[in-house]
Each structure stands twice: as structure tokens, then as C-alpha cells.
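Visitor: structural data only, the sequence is not supplied:
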């Protein structure tokens, strides 16, 4: 996906987002839900006279009690998550260029310079978080598991940003090639990492200066999904 140009990337992001449990569409950013299939696109059974197909998705809402501040610690199934710091910037700074996504420059061509600084309404959010294993067993975590949302006044959540992140300060090299963002924590062990994401100004609500970093997991005792939303001020 990252090998596509930026227009293709955004199309894929919002299409995938509409089909996932942790997502919404670009139409939802205007207060709507669902994706409207192009009028010129017809399915195998279409006769050419049928109306455009509309795929509807129910709005997804946040429990107000799951919204927490950056001073709080989120705990999900024995793993705690604490934001140490975060930065909203267009500058890549002196971060490690060897641990950015390989296709970053191609994906954001025209909006990124040779030093990885962004422009034209794109910006980074770098989150430094400490993950702690509070169990008595070894566990494997994904350090890029967070997802960014905006949350409307009625508590509807709308996904924004580049899911999965485009940067991490240090790779984990003890797993498979696609597990470089993972980490194995022994009982009682902690690790602190900085992960970078990209957002676009037009995805943000004009009257809001907040964005929410969601950590999600499954409670192994109840099998319930647990979500905590760190409230970040941009």
C-alpha cells in the first residue's frame, strides 16, 4: 500500500477504514456514514440501469468513561500504557531515518522533503509511550497498536491518521521481518518507545484542537474489547 502515490494511499486508507471495526470513512468526517460506490461501477449482476450501490456503516460511539488524559495510565489485560510525551510537528528532527517506513518518501511525494519534513497540510504526531507487563508471564506487544480518532460532541468516533505508524525509534529484531514494531516483555518488564504517525489538517475538525490516541485490547477473562482514548491537545 505504501508503494502507491499519496492519492492512492488515502483512498486505500479510507476504504480499509470503512470495513474495519476501528474505523470510519472520509464521508464520516462530514457527519455521514458509509461509502458511496462510484455510479459508473457495476457489479456482475448489474443491468446498467440500477441505482448506485451504497454501503452503510453504523456510527461508532465512545464511552465517555474511556476518555482519559495523558497524565493517566491505561491498563488492558495486564499491560499498562503510559504516554511520557507527544509532539505535533511538521519537522522530522534528528530522529533515526533508518527506522522510517521504506516507502514514506514515495507515498508522500510532493509533501515531504529530503530531510523528511512535511508540508502542504501534513504533519507528524510522535508519541513516546511506556509499556509495562504487569503479569507474571512473558507477553508480546505491538508498539504501534495505537489508532488516532477525532471524537464529536455526540461521542461519535472518526478515524484519522496513518494507521500502524510510519516511524519507530528502534526496531525489534528478534522476531519475523514483519514484527519489527513488536516487543517481548518479561514479567514485570517495561519498554519505552517513540512511534510516529502522519495526519492531514483537512481530516481534523475546524472547531476542535484535540485528537484521541486509542489503545485497544481484549480482556482475556471476559473476552470483551477494551478501549482507552488518550486526549491529546494539538
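Guide: Perfect, thanks for sending it. Predicted model only: the values in this text are computed from it and were never measured.

Visitor: quick one: residue 163 and residue 101, what's the gap?
Guide: Here residue 163 is placed at a distance of 12 Å from residue 101 (CB to CB, to the nearest Å). For the C-beta atoms, the positions are set from N, CA and C on the backbone; glycine is no exception.

Visitor: name the helix or strand of the chain that has the lowest mean pLDDT.
Guide: strand 35-36 (a mean of 33; mean pLDDT, DSSP states H and E).

Visitor: residue 150 and residue 208 touch, don't they?
Guide: Yes. Using CB atoms under 8 Å, residue 150 makes contact with residue 208 at a distance of 6.5 Å.

Visitor: who has more neighbours out of those two?
Guide: Set residue 150 next to residue 208 and count neighbours by other CB atoms under 10 Å: residue 150 wins out with 21 against 12.

Visitor: what sits against the more buried one?
Guide: 29, 157-158, 160, 203-205, 208, 210-212 (CB atoms under 8 Å, 6 or more residues apart in numbering).

Visitor: this protein: strands as residue ranges?
Guide: 35-36, 54-55, 67-68, 73-76, 79-89, 122-133, 139-142, 147-151, 157-160, 167-168, 182-185, 190-200, 210-218, 225-233 (DSSP state E).

Visitor: and the longest one, what does it pack onto?
Guide: Counting contacts by 3 or more CB pairs under 8 Å, 6 or more residues apart in numbering; DSSP states H and E, strand 122-133 is packed against strand 79-89, strand 139-142, strand 182-185, strand 190-200, strand 210-218.

Visitor: show me which of the contacts of residue 150 are buried.
Guide: Among these, those classed as buried by 16 or more other CB atoms under 10 Å are 29, 157-158, 160, 203-204, 211-212.

Visitor: just the closest of these to residue 188, please.
Guide: Residue 188 lies nearest to residue 212 out of the buried ones among the contacts of residue 150, by CB to CB, at 29.2 Å.

Visitor: separation between that closest one and residue 169?
Guide: 23 Å.
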